[in-house]
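>>> Quick one, what's the 3D model for this:
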Amino acid sequence: MNDQSDSRAIHVLDVMGGDLHTIDGLATAAEAMATMQRLKISSLVVTRRHDDDELGLITVSDLAREVITRDRAPDRVNVYEIMSKPALTVRSSMLARYAVRLLVRFGVSRALVVDDAGAPRGLVTLRDLVLALTPE
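Numbers count the residues shown, from 1 in each chain. This next block holds a predicted model:
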């Protein structure tokens, strides 16, 4: 049997970081950069504008690609212009090995973790998932 037993199963919930930091889509790239610098983080969750909206995600890579390398003024670019939306999400109850497959398939380094009701609970990175699955 190749599958891990239930006692060894590692879920996204076991690996994810629980600290979620948010920003409004109307904030500027400069504000996003300052928040990331102050908190020493590399991504922010972009809040929903209304109940039918989806969550977004802005990362340091987005800022580098869309602002820095294009010589755009960070105080003149809004977060909504450069964020990923909808953010790729994984359920907290998903097995970590399936989350790895999903992130690799979409070529992303992180995903927003949601509970079964779709409420955001944290972030998980490909790095953290792979290292959690490393055999002892």
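
>>> I'd guess residue 113 is in a strand, am I close?
Yes. Assessed by DSSP: H, G, I helix; E, B strand; the rest coil, residue 113 belongs to a strand.

>>> quick one: it and residue 19 touch, right?
No. Using C-beta atoms under 8 Å, residue 113 is not in contact with residue 19, being 11.6 Å away. For glycine as for every other residue, the C-beta is placed from the backbone atoms N, C-alpha and C.

>>> Which one of these two is surrounded by more residues?
Taking neighbours as other C-beta atoms under 10 Å, residue 113 and residue 19 compare with residue 113 leading, 24 against 9.

>>> Quick check: neighbours shared by residue 113 and residue 19?
Counting by C-beta atoms under 8 Å, 6 or more residues apart in numbering, the residues touching both residue 113 and residue 19 are residue 122.

>>> what sits against residue 21?
Residue 21 touches 35, 39, 41, 44-45, counting by C-beta under 8 Å, 6+ apart.

>>> ok, 10 Å please
Residue 21 makes contact with 35-36, 38-39, 41, 43-45, 123 under the criterion C-beta atoms under 10 Å, 6 or more residues apart in numbering.

>>> what's the answer for residue 82, then?
Applying C-beta under 10 Å, 6+ apart, the residues contacting residue 82 are 29, 32, 56, 58-59, 62-63, 65-67, 70, 72.

>>> Turn these into JSON lines, columns for distance to residue 118.
Shown next, in JSON lines, are the contacts of residue 82 (distance: C-beta to C-beta, whole Å):
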{"residue": "29", "distance to residue 118": "27"}
{"residue": "32", "distance to residue 118": "24"}
{"residue": "56", "distance to residue 118": "14"}
{"residue": "58", "distance to residue 118": "20"}
{"residue": "59", "distance to residue 118": "21"}
{"residue": "62", "distance to residue 118": "23"}
{"residue": "63", "distance to residue 118": "27"}
{"residue": "65", "distance to residue 118": "28"}
{"residue": "66", "distance to residue 118": "27"}
{"residue": "67", "distance to residue 118": "30"}
{"residue": "70", "distance to residue 118": "34"}
{"residue": "72", "distance to residue 118": "33"}
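
>>> can you tell me which two in those are farthest apart?
56 and 70 (19.6 Å; C-beta to C-beta).
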